[in-house]
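Trainee: How does the following fold in three dimensions:
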Amino acid sequence: LEKILDRANEKGMVVILGIFYFGQDEYIKDEAAIIKAVDNTINWLFEKEYRNVIIELNNECDIHYDHEILTDKRVDELIKRVKSKEKNGYRYLVGTSFSGGKVPTPNVVNESDFILLHGNSVKDPKRIAEMVAQTKIVNGYTPMPIVFNEDDHFDFDKPSNNMVEAIKAYASWGYFDFRMKGEDYEQGFQSVPVNWQISSPRKNSFFNKLEEITGGLK
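Mentor: Below you'll find the predicted structure:
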């Protein structure tokens, strides 16, 4: 992790650091251990003086977790805990994500520094813009970044796709490109081992759309 954060910092990149993932928490003894893990992680980040990190407490908090404090009903308690930790006038920005197509709950929205949405399972691009609009009317919402940090839909050659609709709604969009069944090493940025080159039609299509939207490097 330290190598990744250091290298990202050299490149001027901000890392969304996830602390828990479903299927992992069952190996953690109890709620006290969950809290200790959060504290230890944040204290380590302070010790290393990282400023290029924001915190995603756990991935898709609305699906099954063994510990209630990691669910959408109570994860706001952990968000508040991270927000309460400060060193030299600095604290880490923090939030959590919800599963594909879901809008965050008021308790999470009230405490979050940013909103993480997932576009997985969202087959109609119009739903992407709808999710952004629905998030903005959740009780307690105030203007903050809205980020689709996971979406496994492509169709970059079409005029409307999940990426385009997110950007039109002024939300950031994360390219979740995994190696699908039967695909070779050239495919997928998300699957280990990774070929980091633009080595497949899907990757190429994404970067072509990105260049079209941003104007590319000048």
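
Trainee: where does the most centrally placed residue in the chain fall, helix, sheet strand or coil?
Mentor: Relative to the mean C-alpha position of the chain, the nearest C-alpha, by Cα atoms, centre = their mean, is the one of residue 149, at 3.6 Å. Three-state secondary structure (criterion: DSSP: H, G, I helix; E, B strand; the rest coil) places residue 149 in strand.

Trainee: Kindly state the pLDDT recorded for the nearest residue to it once chain neighbours are set aside?
Mentor: Nearest residue to residue 149 in three dimensions, chain neighbours excluded: residue 174, at 4.3 Å (Cβ to Cβ, 6 or more residues apart in numbering). For the C-beta atoms, the positions are set from N, CA and C on the backbone; glycine is no exception. At residue 174, the pLDDT value in this model is 92.

Trainee: which strands and helices sit next to the helix or strand in which residue 18 is found?
Mentor: Take DSSP states H and E as the rule and residue 18 turns out to sit in strand 15-20. Contacts defined by 3 or more Cβ pairs under 8 Å, 6 or more residues apart in numbering; DSSP states H and E place strand 15-20 against helix 2-10, helix 31-48, strand 53-58.

Trainee: redo that, cut-off 6 Å
Mentor: Applying 3 or more Cβ pairs under 6 Å, 6 or more residues apart in numbering; DSSP states H and E, one finds that strand 15-20 contacts strand 53-58.

Trainee: how about the CA coordinates for the strand it packs on, as CSV?
Mentor: Included here for strand 53-58 are C-alpha records, laid out as CSV according to Å, rounded to 0.1, in the frame of the first residue of the first chain:
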residue,chain,number,x,y,z
VAL,A,53,-5.8,9.9,0.0
ILE,A,54,-9.6,10.0,0.6
ILE,A,55,-11.3,7.2,2.5
GLU,A,56,-14.0,4.8,1.3
LEU,A,57,-14.9,3.0,4.5
ASN,A,58,-16.3,-0.1,2.9
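
Trainee: Tell me the helix or strand right after that strand.
Mentor: Downstream of strand 53-58, the next assigned helix or strand under DSSP H and E is helix 75-84.

Trainee: Which positions in that following helix come out as buried?
Mentor: Residues of helix 75-84 classed as buried by neighbour count (16 or more other Cβ atoms under 10 Å): 75-79, 81-83.

Trainee: Would you mind putting those residues into a markdown table with distance to residue 118 and pLDDT alongside?
Mentor: Compiled in a markdown table, the buried residues of helix 75-84 are given as follows (distance: Cβ to Cβ, whole Å; pLDDT from 0 to 100):
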| residue | distance to residue 118 | pLDDT |
| --- | --- | --- |
| 75 | 15 | 97 |
| 76 | 18 | 98 |
| 77 | 22 | 98 |
| 78 | 19 | 98 |
| 79 | 18 | 98 |
| 81 | 23 | 98 |
| 82 | 21 | 98 |
| 83 | 23 | 98 |
